[in-house]
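I'll drop the sequence and a predicted model, then ask my questions.
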Amino acid sequence: MKNSPEFLKILLSKKSLIFISYILITTINNSEIMKTILNFIILTAFSMTVCITTLYATPKNEKKWISIHLLDYTTDSLLEGLAARLPQLTSQGINMIFLEVDYNFDFKSHPELRDKRYITKEGAQKFGLACRQANIRLVPQFQSLGHQSRDGVTCPLLAVYPELDNTPGAFPNNVGIYCREWDPTNPKVNEIVFPLIDEIADAFGVDGIHVGMDEVFLLNSDKAPNTKGKDPAKLFAKVVNEFHDHLVKKRKLEMFMWADRLIDGKKYNFGEWESSLNGTAPAVDMIPKDIILCDWHYEPADEYGSVAMFIHKGFRVIPSSWRKTTGVEALIKYSYKLNNPKMIGHMFTTWHFLQLDSIATYRPLVAGISLIKSGKFYDVSIKSKLENRALKVSLACGNPQLKITYTLDGSEPTAQSVAYSKPFILRKTALLRALAFQGNEPMGSANEKQFTVNFATGRPIKLLSELSNKYRAEGGVNVLVNGANGSGSYGDGQWLAFEGNNMEVVIDLGKRQSISNVILHSNNNPGNLVFPSERVEVYTSDDGKPDSFKKAGESITAPDKSNIVASRVSFDTTPARFIKVKAFHKTLSNPKDIPWLFVDEIIVE
């Protein structure tokens, strides 16, 4: 009791101090002694009051920014309609809007760069006022450096001033690139762009600006005469620092930017879009720490290590999700259970025009806000490691005060199910489900993982086709026979990635086994050009020599909307020691689209 803040509050109350002072005055005759004691009490009271103020000034769950990113609200009339919906968004919990403006503004400094659809200064002022009245913070966005084209249409800056293009004259009609980029070495860019951003910020009356800078790929292009051969990280940091000097130091605005180019894709397995595989990542240590990083991840995963990495380096972070509800919930759970004040909220991106009546019912937004309000962030992560062809399984939820229980038959865990205390060994196939509890109350959602122990588990495997280096599998090709099925996220480190290539592997079963079934799992995420294998072929051999394999069977994968598709090849029982498995990627009609094939666990029965 005496160590609690409540006791300190009582001790330091006004009445207590008066009472103590009265006792001293009436019982101590020596004025010097009394003076010394009173000074001591006053200093002690001041120090303890500071401690109490600190304890009570920081709420246990500090306010977070719950934001939505909106695209294509680029006319005054659309903003008027959006303003009418702000009270509804406020009631849902939204307290910040990122509004992508780009060139859709009635610029006075460079009217030649105004897009066909645009917001006027008066329209911006009205919407900015409406946001302030609704207690919603407004942050306009101007895409900078990258994203200077959309499909075949070049954005106004490079269309009007083609000499500012980083790859001038290359990629006609924008074929062969993702987006055009401006030349970061040309001082004329900032002379033009800074006044544009100033006009937008002033018109909306805001205290922050989002500068974009995501998905920059051409800094080290051999088509870029002024940047090829130069350090991409230094070039990227140069742009960020110049924007920071103008926006933060000069204009006193808060600066937001996308974070993907600051993530080392060789360390964090997010691929070339959500992270950098083109040398820009070291820029993270070359830019000011007061920039707020919007760290976007769209696929579900157990961990998003970049969020913790940015926090560790001193940045504030707003994790940002998109359309896949499972990904939204996974990112919220990971980031919120970090319980760090530098994780300052969440952004729900849309990346297409949401009709006015659809914003409040946008499913990822509704699900995400509901989860944030619930505080149930503690899903159980399930890890496994092969040891002597058995699986050592460990469970964790990020909160040691919670009780983890699990089942092995796929049933829903309850508070009375088997309690987890330490890693355990699995020697047979099981569908493990685990859940964290506080008393009898679940503190997250049940997580599950399929473990399959079969003839191929832990056996030597050889890859005969070329992998993509954009997504790394933990353990390389051995991930196909590690006994653990990958999750629905192709970036979870449990999938082998093939970009436009087929898969071919040979498995040594150790001795002749009588086999009749081979099952291969592939990921299905068409929105990201990830498709299940169209066809799987199986060959058998007794000695593993290339010319000794005989075809045992094949299967054509039927249409399937499941996130993970199992292709089964069944054949007459055949004795064999070596198994060759070929998986063929989907053939696409558009030659510009390169199909991805992500393959996981191969089961031999």
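On my side now, so go ahead.

Next, count neighbours for the residue nearest to residue 284 when sequence neighbours are not counted.
Spatial nearest neighbour of residue 284, excluding adjacent residues (CB to CB, 6 or more residues apart in numbering): residue 262 at 4.0 Å. Yep, even glycine has a C-beta here, placed from its N, CA and C like the rest. Residues near residue 262, counting by other CB atoms under 10 Å, number 30.

Check whether residue 278 really touches residue 220, as I assumed.
Yes. A contact is recorded between residue 278 and residue 220 when judged using CB atoms under 8 Å, the distance being 6.2 Å.

intersection of neighbour lists for those two?
Taking CB atoms under 8 Å, 6 or more residues apart in numbering as the contact rule, the neighbours common to residue 278 and residue 220 are residue 232.

sorry, back to before: is it correct that the residue nearest to residue 284 is in contact with residue 276?
Yes. With contacts counted by CB under 8 Å, residue 262 reaches residue 276, the gap being 7.2 Å.

got a list of contacts for stretch 110-120?
Outside stretch 110-120, the residues that touch it by CB under 8 Å, 6+ apart are 74-76, 79, 101-107, 127, 156-157, 160, 192, 195-196, 203.

Show me what whichever strand or helix holds residue 578 is packed up against.
Using DSSP states H and E, residue 578 falls within strand 564-584. Taking 3 or more CB pairs under 8 Å, 6 or more residues apart in numbering; DSSP states H and E as contact, the helices and strands that strand 564-584 lies on are strand 503-523, strand 535-541, strand 550-556, strand 596-604.

Can you check what angle separates the last one from strand 503-523?
Computed by axes from the mean of the first three to the mean of the last three CA atoms, to 10 degrees, the angle separating strand 596-604 from strand 503-523 equals 100 degrees.

Which residues does residue 583 form beta bridges with?
Assessed by DSSP bridges, residue 583 has beta-bridge partners residue 503, residue 536.

Now do the same contact list for it.
502, 503, 504, 520, 522, 533, 535, 536, 567, 597, 599.

same check, this time on residue 226
Applying CB under 8 Å, 6+ apart, one finds that residue 226 lies in contact with 166, 183, 185, 186.

Which pLDDT value goes with the closest residue in space to the second one that isn't next to it in sequence?
This points to residue 183. Counting by CB to CB, 6+ apart, the nearest residue to residue 183 once its immediate chain neighbours are dropped is residue 166, at 4.5 Å. Confidence per residue is given as pLDDT, and for residue 166 that number is 98.

how deep is residue 166 tucked in, by neighbour count?
Should you count by other CB under 10 Å, residue 166 turns out to have 28 residues around it.

How about the one 3 residues further on?
For residue 169, the tally of surrounding residues (other CB under 10 Å) stands at 9.

cool, and residue 135?
If we define neighbours as other CB under 10 Å, then residue 135 has 11 of them.

Just confirm it is within a strand.
No. Assignment of residue 135 by DSSP: H, G, I helix; E, B strand; the rest coil gives coil, placing it outside any strand.

Report pLDDT for the residue lying closest to residue 452 once chain neighbours are set aside.
Across the structure, with CB to CB, 6+ apart as the measure, the residue nearest residue 452 apart from its sequence neighbours is residue 429 (4.9 Å). Listed pLDDT for residue 429 reads 95.

Could you do the one 10 residues further on as well?
Predicted confidence (pLDDT) for residue 439: 97.

Report the separation between it and residue 403.
Here the criterion is CB to CB, to the nearest Å. By it, residue 439 lies 8 Å from residue 403.

Residue 344 now?
Applying CB to CB to residue 344 and residue 403 gives a distance of 30 Å.

go on, residue 412?
Plainly put, residue 412 is 15 Å away from residue 403 if you go by CB to CB.

neighbour count winner among these two?
Shown here are residue 412 and residue 403; by other CB under 10 Å, residue 403 has more neighbours (17 against 11).

For that one, what are phi and psi?
Its backbone dihedrals place residue 403 at phi -100, psi 130, with angles given as degrees, to the nearest 10.

check contacts around it.
By CB under 8 Å, 6+ apart, residue 403 lies in contact with 415, 419, 436, 437, 438.

what about the second one, how many residues close to it?
The number of residues packed around residue 419, counting by other CB under 10 Å, is 12.

Mean neighbour count, the helices and strands packed on strand 564-584: which tops it?
Highest mean neighbour count among the helices and strands packed on strand 564-584 (mean count of other CB atoms under 10 Å): strand 596-604, with a mean of 25.

any idea how far the nearest residue to residue 349 once chain neighbours are set aside lies from residue 130?
Spatial nearest neighbour of residue 349, chain neighbours left out: residue 69 (4.4 Å); criterion: CB to CB, 6+ apart. With distances taken as CB to CB, residue 69 is found 18 Å from residue 130.
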